[in-house]
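K.L.:
Here's my sequence, what's the structure:
(one chain, ligands or ions: 1)
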Amino acid sequence: MFESYLLSDEQFVARLRQVGEEHYHDKHPYHLAMHEGKLSPVQLRAWIANRFYYQKNIPIKDALILSKLPFREDRREWIQRIIDHDGREDGDGGIEAWIRLGEAAGIPREEMLNECHVLPAVRFAVDAYVNFCRLEPWPIAVASSLTELFAPTLVSKRIGVFEQLYPWIRTEGLAYFQARLHQAPRDADHGLKIVLRECKDRSEQEQAINALRFKCNVLWALLDALSLAYPDGENHL
Ligand code: AHQ
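P.N.:
Numbering: from 1, shown residues only. A predicted model of the protein is given here:
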């Protein structure tokens, strides 16, 4: 059991950042292997095709959260997340950019869209995230998006790793990650502002910290599934 006093904003942010320090998926062996150039084309294509199931569900979970935000000022900012991924027209947005990442790595568009490579545990982890956002109180659902506090460091590292260690991936495929470098910090700032403003007692603060821990587990489980299915670059399934 924890103390009942309210954490100061500084203490609360420090606890949130500590969750990332300990559990964010930048420390997962699959990412560590990726960053050392050790992933085979099979393993990297599998990561791209499975992460697509996560990416295509982001605007769905964001729309579920949007539907619960009571203040129009928050909705005005939050709706941008959906547009960032869905785009405003064909050929636009992060989901399209991720499909192009797949094509740049040699995965046909059809195989990205038909989810033929998506592993059962990846589907379950992502669906758990969407349902968390559907069912939890909106400040807690917002808190689960705060893994984006840690994303820019990882994504900027990933861009360099892909360019230097996986030159067989055509560089136009990296456009998605470039866009995240300014979208993620903007989103993290807005999400953090909401969480600090809305978590009014220690119990709600601890629920927000647990929501971030849950989301780290979602991202970690996705990579666990890939590690099991692609242990040494060949698909043993
Ligand atoms: O590309 C990512 C993205 O659009 C999002 C949305 C955000 C959320 O609302 O949960 N999380 C997230 C993340 C993206 N990329 C991941 C990566 O490793 O490339 C990181 C992930 C995150 O840290 O939450």
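K.L.:
and residue 168, helix, strand or coil?
P.N.:
Recorded secondary structure, residue 168: coil (DSSP: H, G, I helix; E, B strand; the rest coil).
K.L.:
list the contacts for it?
P.N.:
With CB atoms under 8 Å, 6 or more residues apart in numbering as the criterion, the residues that contact residue 168 are 41, 105, 106. Every C-beta, even on glycine, is put in place using the N, C-alpha and C of the backbone.
K.L.:
Mind pulling the model confidence for the second one?
P.N.:
Turning to residue 105, the model gives it a pLDDT of 98.
K.L.:
now the contacts of residue 168 as TSV including neighbour count and secondary structure?
P.N.:
Shown next, in TSV, are those (neighbours: other CB atoms under 10 Å; DSSP: H, G, I helix; E, B strand; the rest coil):
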residue	neighbour count	secondary structure
41	13	helix
105	19	coil
106	15	coil
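K.L.:
Show me which of those residues is closest to residue 163.
P.N.:
Nearest to residue 163 among the contacts of residue 168: residue 105, at 13.3 Å, using CB to CB.
K.L.:
Now for the closest one: which residues touch it?
P.N.:
41, 44, 45, 48, 168, 169, 170, 173.
K.L.:
hmm, which of those are the buried ones?
P.N.:
The neighbour-count criterion (16 or more other CB atoms under 10 Å) marks 44, 45, 48, 169, 173 among these as buried.
K.L.:
Of these, just say which sits nearest to residue 130.
P.N.:
residue 48 (20.3 Å).
K.L.:
list the contacts for that closest one?
P.N.:
With contact taken as CB under 8 Å, 6+ apart, residue 48 is in contact with 98, 101, 102, 105, 107, 112.
K.L.:
Show the average pLDDT along the longest helix seen in the chain.
P.N.:
Taking DSSP state H as the criterion, the chain has its longest helix at helix 202-229. Confidence over helix 202-229 (mean pLDDT, whole number) is 98.
K.L.:
what do you get for stretch 139-154?
P.N.:
Stretch 139-154 comes out at a mean pLDDT of 98.
K.L.:
if we can go back for a sec, so which of the contacts of residue 105 would you say is closest to the ligand?
P.N.:
Using CB to the nearest ligand atom, residue 48 comes nearest to the ligand of these, at 10.8 Å.
K.L.:
Can you tell me the SS state at the closest one?
P.N.:
helix.
K.L.:
do the same with residue 37
P.N.:
Using three-state DSSP, the secondary structure recorded for residue 37 is coil.
K.L.:
Need the phi and psi values for the spatially closest residue to it that is not a sequence neighbour.
P.N.:
In this structure, residue 37 finds its nearest non-sequential neighbour in residue 165, 3.3 Å apart by CB to CB, 6 or more residues apart in numbering. Torsion angles at residue 165 (phi, psi; degrees, to the nearest 10) stand at phi -100, psi -10.
K.L.:
Nice, that's everything, thank you.
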